[in-house]
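Peer 1: I would like the atomic coordinates for the input below:
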Amino acid sequence: LPFVDLGPGATVRQIAAGSNFTCAWLVGDTIKCWGANNAGQLGQGDTRARGGSVNEMGTSLPALTLLPAGMSPVVLSAGGEFSCATLADQRAYCWGRNNLGQLGLGSTSRGDAPGEMGAALKPVDLGPGVRAAAIAASASYVCAILSTGDVKCWGDNDRGCLGLPGGDRGDELGDLGAALPTLNLGTGRNAQSIRLWSDNDGYNETCALLDDGSVKCWGWNYYRVAGVANPNVMGDGNLAVDLGSGLTGVALAKGYGHACALLNDQGLKCWGFNAYGGAPGLGYLGLEDTLNRSGDDPAVMGNNLPYVQLGAGRAAASVVGSHGGFFTCAMLDNHDLKCWGEGANGALGQGDTRARGDELLEMGDALPAIALGSGRYAVQVAAGNRHACAVLDDGSVKCWGLNDRGQLGLGDVANRGDGPGEIGDALPALPLGEAAVAVAAGAYFSCAVLISGAIKCWGDNDYGQLGQGHRQAVGGAPGELVALPAVQLE
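Peer 2: Purely as a prediction, here's the structure:
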């Protein structure tokens with residue numbers, strides 16, 4: 001698999017993938033985007049896709065004229081068909097599709113016609129003197145943590161995911177600025193981090209880790225992930241999820257109808273949706289049963305909510321939810337990697353397709369760590385729809401699970417991890433040519449950022465998201481990764 005060619009001396013600082021396009025923030029503080037462009041999400045002043053035909057990448061792909069002189073992006077977040085970036089001066093800019101006001105610029109898309117980017121693209125108006133320290137984009141809405149720790153959200157307000165009464169915000173010019181309220185997170189409270197989860201049906205749900213380590217959720221709440229039955233009552237009335245006596249959160253992961261919190265005692269607890277009607281086959285919560293744990297039910301929350309058992313004497317160092325919300329992975333304090341939930345297509349890396357976490361004797365010491373090869377362990381993991389990839393301690397990358405579009409990069413379309421003898425030393429490391437420092441997983445494709453800053457991407461390419469000048473999937477036939485031309489961003 002050739003390097004993604006960024007040009008002489010050019011390297012990547014950050015990469016973000018939307019549902020059908022990809023953006024890279026380069027050293028030198030330029031941004032380039034490729035893939036689908038139906039809503040102007042590439043910021044090129046038109047609606048023509050880039051990366052799906054020859055001569056569309058490299059020097060032919062212009063950098064976005066997004067940033068004011070001397071300003072650098074700090075956070076780049078890709079939504080469904082739009083992107084947002086916060087700059088070093090903490091101003092926030094969004095461009096692309098704007099059907100629900102998600103750009104915070106009225107109801108007109110930006111980047112799909114000439115003269116809309118650069119100096120013509122205005123920052124999101126958060127109010128006089130108000131700046132964004134962090135930003136998170138979902139399929140159709142955005143939340144920003146302000147420099148004060150307050151939160152403002154705009155865009156689609158389906159299921160009350162914005163934490164505000166009424167309809168969408170940002171689709172009319174008078175919606176934002178001082179007119180857009182900060183969220184009432186409770187008396188004296190502000191946010192440390194925020195996680196958004198949504199799908200194409202508008203099942204939008206938001207959870208925030210607050211400055212006191214408490215967790216509050218709002219939005220869809222069909223499976224009652226929030227700490228109160230009516231999650232759209234905000235402020236002190238939206239009770240924090242009861243994690244147990246003296247326990248506070250230090251990190252969050254979000255999935256389909258459920259959430260997980262890494263705690264101050266290094267334990268891990270998950271709550272919300274666990275199974276359909278008590279039927280086995282899911283085990284999202286990793287609690288060896290099929291009972292849902294409603295965040296507002298004291299009988300199952302607080303001290304009654306069990307820890308996720310990861311093994312005797314073991315603690316979680318980090319936790320990630322999958323892109324599709326179907327399984328969860330934790331890296332442990334001894335470098336083991338364990339995943340639980342739906343096992344379809346071998347996503348859990350256990351040599352079968354069986355769910356883990358929904359029956360007795362499946363978790364703790366009974367849940368094997370994923371075998372990544374003799375003496376090897378994971379230092380970072382990313383989870384797609386039904387596949388996962390990990391950067392190992394030697395900088396190599398291994399992927400397992402669903403492989404119908406070559407997203408594992410193994411030269412075929414056979415799943416790995418769904419049958420015996422497919423993991424561990426039998427699972428090849430990808431021929432990336434140099435050590436990787438990070439991996440990212442979209443629904444059906446994968447990317448790695450290498451130590452040189454080069455990018456390599458493989459898997460589904462329906463919208464040119466691999467940046468290879470065509471729309472053919474890569475990685476599903478022998479020799480494709482070796483013969484794959486570099487993505488040219490400079």
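Peer 1: SS state for M331?
Peer 2: With DSSP: H, G, I helix; E, B strand; the rest coil as the basis, the three-state label of M331 is strand.
Peer 1: surely it meets A382?
Peer 2: No - M331 is beyond contact range of A382, at 11.6 Å (criterion: C-beta atoms under 8 Å). Just so you know, the C-beta spots here come from the backbone N, C-alpha and C atoms, and that holds for glycine as well.
Peer 1: how many neighbouring residues does N345 have?
Peer 2: A count of neighbours around N345, defined by other C-beta atoms under 10 Å, yields 19.
Peer 1: meant to ask about V379
Peer 2: For V379, using other C-beta under 10 Å, the count is 16.
Peer 1: distance check, it against A315.
Peer 2: 17 Å (C-beta to C-beta, to the nearest Å).
Peer 1: swap in D242?
Peer 2: Taking C-beta to C-beta, one finds D242 at 21 Å from A315.
Peer 1: neighbour-wise, which of those two wins?
Peer 2: D242 (21 against 17).
Peer 1: tell me which element the more buried one is part of?
Peer 2: Using DSSP states H and E, D242 maps to neither a helix nor a strand.
Peer 1: list the contacts for it?
Peer 2: G227, G295, P298, M301, G302, L305 (C-beta atoms under 8 Å, 6 or more residues apart in numbering).
Peer 1: which ones are touching the third one?
Peer 2: Spelled out, it's P298. D242, N304.
Peer 1: what distance do you get for it to G313?
Peer 2: 30 Å.
Peer 1: for the fifth one, same thing?
Peer 2: Noted for G302: a distance of 24 Å to G313, by C-beta to C-beta.
Peer 1: can you pull out the strands in the stretch 201-350 of the chain?
Peer 2: Assigned by DSSP state E, counting those that start in this stretch, the stretch 201-350 of the chain shows strands spanning 205-210, 215-219, 249-255, 258-263, 268-272, 316-321, 327-332, 337-341.
Peer 1: the ones you listed into TSV, with extra columns for mean neighbour count, distance to P478 and mean pLDDT?
Peer 2: TSV is the format used below for these (neighbours: other C-beta atoms under 10 Å; distance: least, C-beta to C-beta, whole Å; pLDDT from 0 to 100):
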stretch	mean neighbour count	distance to P478	mean pLDDT
strand 205-210	26	42	94
strand 215-219	26	45	94
strand 249-255	21	35	90
strand 258-263	25	39	94
strand 268-272	27	40	96
strand 316-321	20	31	90
strand 327-332	25	29	94
strand 337-341	26	28	97
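Peer 1: adding distance to C457, write those out as a markdown table.
Peer 2: A markdown table is the format used below for these (distance: least, C-beta to C-beta, whole Å):
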| stretch | distance to C457 |
| --- | --- |
| strand 205-210 | 29 |
| strand 215-219 | 31 |
| strand 249-255 | 24 |
| strand 258-263 | 28 |
| strand 268-272 | 31 |
| strand 316-321 | 19 |
| strand 327-332 | 21 |
| strand 337-341 | 22 |
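Peer 1: for L285, which of these is the nearest?
Peer 2: Counting by C-beta to C-beta, L285 lies closest to strand 268-272 out of these; the figure is 4.3 Å.
Peer 1: give me the helices and strands touching the closest one, please.
Peer 2: Judged by 3 or more C-beta pairs under 8 Å, 6 or more residues apart in numbering; DSSP states H and E, strand 268-272 is in contact with strand 258-263.
Peer 1: name the helix or strand for V391, please.
Peer 2: Applying DSSP H and E, one finds V391 within strand 387-392.
Peer 1: what mean pLDDT would you report for that strand?
Peer 2: What strand 387-392 shows for mean pLDDT is 93.
Peer 1: buried set for the helix or strand that that strand is followed by?
Peer 2: Sequence-wise, the next helix or strand downstream of strand 387-392 (DSSP H and E) is strand 397-401. Residues of strand 397-401 classed as buried by neighbour count (16 or more other C-beta atoms under 10 Å): V397, K398, C399, W400, G401.
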